[in-house]
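Colleague: I would like the atomic coordinates for the input below:
(one chain, ligands or ions: 1)
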Amino acid sequence: MKLRTPAYIFIPLTMLAILLTFAMVTPVENIVEPGFKGMIDNSIAHIVAALKQGVVWAVMAISLVMLLIINAINKLVESQKFQQLTEDEKAEYLAKKKKGYIKNLLSSANQRQTKEEEEAIIIDHGFDGIKELDNALPQWWLSLFWLGIVFCVVYLLAYGFTDFAHSDVEYAQEEKILNIKDSIWAVENDITIEGAVNKFNDPAVVEQGKLIFNTQCTLCHMEGGKGGIGPNLTDDYWISQVNDSLFYNIYAVIYDGSPTNPQMRAFGQRGELSGLNIEKVASYVYYINQVEKTLTPADGAAAPQGELVEAWKAKN
Ligand code: HEC
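Modeller: Residues are numbered from 1 along each chain as shown. Okay, the predicted model is just below:
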């Protein structure tokens, strides 16, 4: 008769496995740092997050009760089987039990079945003299098998029917964190006019500037900057001349607003656009003014306003 796995081994191990299963599917807010320490930190964060869930404690409590019941049944089965043993077998079993579970487990690695034991479990088929023994599956293997099934059920339910471990939800959470990090970065690395660089010949920046222009500026300057409430930005006439360089003049008007007309508000000072975004949109305005065709009233654009500035005239 085989020795029963003692309660002090299989109950804590099963409880630990249940806790780890929940820990694996519990999302956490922290961002995993690479390396061994990151892995440990992340695992601890998962376990702590799992322990904060009421449902985890409930499942663990129910499991503990069930394990205690299983243990009681096993004890009963053991004593009944014990009654049926011969005196010799009883003595052998008691000796094994006295040796302790762990010692038995370690020595079992070198134990082989006797010839008689093998005869008893041989399966009645074979090929080329190869025979098969009907060995019982090891308990640890079976435990893993059942735990695998439990994990699947927990994971499937959590993933399919709740927000608990759903990758879309995790993605949204992570995106939120990254956006916060992003805005912190943008604030810490924001620029003013001194740090701004004219990037009109970087198509990616011009494209981003156009996007900002289309959401923030077309209301008054119309699409492509052809002018409406705000002046035509494609021609060579300028109302505000606050800087010697065209690009920095555009940047300054967007950052500080027009010195004479409050309709052109101070997007930078009011915090509506960051310095970095003003750099992009100013590059775009410079681009439509210098590279793209000048739009005239004949194209449906606004008539020139302000003075003709020779030095800023488009080169083409
Ligand atoms: C509420 C309407 C309005 C919005 C929105 C607006 N502007 Fe203006 N903008 C004006 C007006 C009006 C002027 C002319 C100001 C003046 O008379 O000094 C102007 C002037 C300018 C000038 C200087 C033109 C010149 O001839 O001196 C630039 C450059 C400019 N705007 C860019 C932008 C950009 C870029 C945006 C978007 C971030 C924007 N504006 C949003 C109304 C607006």
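Colleague: low-confidence bits of the stretch 101-250 of the chain, can you list those?
Modeller: Along the stretch 101-250 of the chain, segments meeting pLDDT under 70 span 164-165.
Colleague: repeat that with 80
Modeller: Counting by pLDDT under 80, the stretch 101-250 of the chain shows low-confidence ranges at 126-127, 139, 158-159, 162-166.
Colleague: which stretches of it form helices?
Modeller: Assigned helices in the stretch 101-250 of the chain, in chain order: 101-108, 115-121, 139-161, 167-188, 203-216, 218-221, 246-256 (criterion: DSSP state H, counting those that start in this stretch).
Colleague: who touches the first one?
Modeller: With contact meaning C-beta atoms under 8 Å, 6 or more residues apart in numbering, helix 101-108 is reached by 3, 5-6, 9, 96. (C-beta placed from N, C-alpha, C; glycine too.)
Colleague: list the buried ones in that helix?
Modeller: Neighbour-count burial for helix 101-108, counted by 16 or more other C-beta atoms under 10 Å, picks out no residue.
Colleague: give me the angle between it and helix 139-161.
Modeller: 110 degrees (axes from the mean of the first three to the mean of the last three C-alpha atoms, to 10 degrees).
Colleague: one more: the fourth one?
Modeller: Following the same axes, to 10 degrees, one obtains 70 degrees for the angle between helix 167-188 and helix 139-161.
Colleague: convert the C-alpha atoms of helix 167-188 to PDB, please.
Modeller: Only the C-alpha atoms of helix 167-188 are listed here, as PDB (Å, rounded to 0.1, in the frame of the first residue of the first chain):
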ATOM      1  CA  SER A 167      -6.000  42.200 -22.600                       C
ATOM      2  CA  ASP A 168      -8.100  45.100 -24.100                       C
ATOM      3  CA  VAL A 169      -8.600  46.500 -20.600                       C
ATOM      4  CA  GLU A 170      -4.900  45.900 -19.700                       C
ATOM      5  CA  TYR A 171      -4.000  47.700 -22.900                       C
ATOM      6  CA  ALA A 172      -6.200  50.700 -22.100                       C
ATOM      7  CA  GLN A 173      -4.700  50.800 -18.600                       C
ATOM      8  CA  GLU A 174      -1.100  50.700 -19.900                       C
ATOM      9  CA  GLU A 175      -1.900  53.300 -22.600                       C
ATOM     10  CA  LYS A 176      -3.200  55.600 -19.800                       C
ATOM     11  CA  ILE A 177       0.000  55.200 -17.900                       C
ATOM     12  CA  LEU A 178       2.100  55.800 -21.100                       C
ATOM     13  CA  ASN A 179       0.100  58.900 -21.900                       C
ATOM     14  CA  ILE A 180       0.700  60.300 -18.500                       C
ATOM     15  CA  LYS A 181       4.400  59.500 -18.900                       C
ATOM     16  CA  ASP A 182       4.300  61.100 -22.300                       C
ATOM     17  CA  SER A 183       2.700  64.400 -21.000                       C
ATOM     18  CA  ILE A 184       5.200  64.500 -18.100                       C
ATOM     19  CA  TRP A 185       8.000  64.100 -20.700                       C
ATOM     20  CA  ALA A 186       6.500  66.800 -22.900                       C
ATOM     21  CA  VAL A 187       6.200  69.200 -19.900                       C
ATOM     22  CA  GLU A 188       9.800  68.500 -18.700                       C
END
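Colleague: if we can go back for a sec, dump the helices of the stretch 101-250 of the chain to CSV, plus distance to the ligand.
Modeller: Listed next are the helices of the stretch 101-250 of the chain as CSV, based on distance: least, C-beta to the nearest ligand atom, whole Å:
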stretch, distance to the ligand
helix 101-108, 74
helix 115-121, 84
helix 139-161, 44
helix 167-188, 17
helix 203-216, 4
helix 218-221, 3
helix 246-256, 4
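Colleague: pick the most buried one from those helices.
Modeller: Greatest average neighbour count among the helices of the stretch 101-250 of the chain goes to helix 246-256 (a mean of 22), per mean count of other C-beta atoms under 10 Å.
Colleague: re earlier: pull out the buried members of the contacts of helix 101-108.
Modeller: Those of the contacts of helix 101-108 that meet the buried threshold are 5, 96, by 16+ other C-beta under 10 Å.
Colleague: of the contacts of helix 101-108, which belong to helices?
Modeller: Judged by DSSP state H, the contacts of helix 101-108 include 9, 96 as members of helices.
Colleague: columns pLDDT and distance to Pro203 on top of the contacts of helix 101-108, output as a markdown table?
Modeller: A markdown table is the format used below for those (pLDDT from 0 to 100; distance: C-beta to C-beta, whole Å):
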| residue | pLDDT | distance to Pro203 |
| --- | --- | --- |
| Leu3 | 80 | 75 |
| Thr5 | 83 | 69 |
| Pro6 | 87 | 72 |
| Ile9 | 88 | 67 |
| Lys96 | 85 | 80 |
